[in-house]
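Novice: got a predicted structure plus its sequence, pasted below:
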Amino acid sequence: ALHLPRGLDLPLAALAVQAAGAAYVPLDPAYPAERTALALADSGAAVVVTDRAHADRLPPHAARLLFVDGPLPEGPEAPGADPS
């Protein structure tokens, strides 16, 4: 899922996802939390690409976070980390 505001990061992230051969669900940070939660649950998104300024607007979810504006997180949220 792409949870980014309109700006340069959004189309770059979309192109990166497509270049990797994956698909994405666009999630506007201005969406209500219920709509975002439903989209995340219905899509089964494994990763949410976001930035640190908007990550706190995400409802609880099982997806891992990937930040476009900083180093990769360590620990259970890191892409490829063992969720158990």
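Specialist: Thanks, I have it.
Novice: and the residue nearest the centre of the chain?
Specialist: residue 48 (1.7 Å; Cα atoms, centre = their mean).
Novice: mind listing the strands for this structure?
Specialist: All strands of the chain, identified by DSSP state E, fall at 2-3, 47-50, 64-67.
Novice: can I get those in a markdown table including mean pLDDT and distance to residue 21?
Specialist: Where C-beta positions appear, they are placed from N, C-alpha and C, glycine not excepted. Listed next are those as a markdown table, based on pLDDT from 0 to 100; distance: least, Cβ to Cβ, whole Å:
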| stretch | mean pLDDT | distance to residue 21 |
| --- | --- | --- |
| strand 2-3 | 96 | 16 |
| strand 47-50 | 94 | 14 |
| strand 64-67 | 92 | 16 |
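Novice: returning to that earlier point: how near is the residue nearest to the centre of the chain to residue 15?
Specialist: To residue 15, residue 48 is 17 Å away according to Cβ to Cβ, to the nearest Å.
Novice: how close does the nearest residue to residue 1 once chain neighbours are set aside sit to residue 19?
Specialist: Of all residues not flanking residue 1 in the chain, residue 45 sits nearest, at 4.1 Å (Cβ to Cβ, 6 or more residues apart in numbering). Applying Cβ to Cβ, the value for residue 45 to residue 19 is 18 Å.
Novice: neighbour count winner among these two?
Specialist: residue 45 (21 against 8; other Cβ atoms under 10 Å).
Novice: remind me which residues of this protein are low pLDDT?
Specialist: 71-84 (pLDDT under 70).
Novice: at 90 instead, please
Specialist: By pLDDT under 90, the weakly predicted segments of the chain are 62, 69-84.
Novice: near residue 56, how many other residues are there?
Specialist: For residue 56, the count of nearby residues is 8 (other Cβ under 10 Å).
Novice: now do the same contact list for residue 57.
Specialist: Contact analysis of residue 57 by Cβ atoms under 8 Å, 6 or more residues apart in numbering lists 3, 29, 33, 36.
Novice: buried residues in stretch 13-28?
Specialist: 13, 17, 24, 27 (16 or more other Cβ atoms under 10 Å).
Novice: what about the closest residue in space to residue 37 that isn't next to it in sequence, how many neighbours?
Specialist: Excluding its sequence neighbours, the residue lying closest to residue 37 (Cβ to Cβ, 6+ apart) is residue 59, at 4.1 Å. Neighbour count for residue 59, taken as other Cβ under 10 Å: 15.
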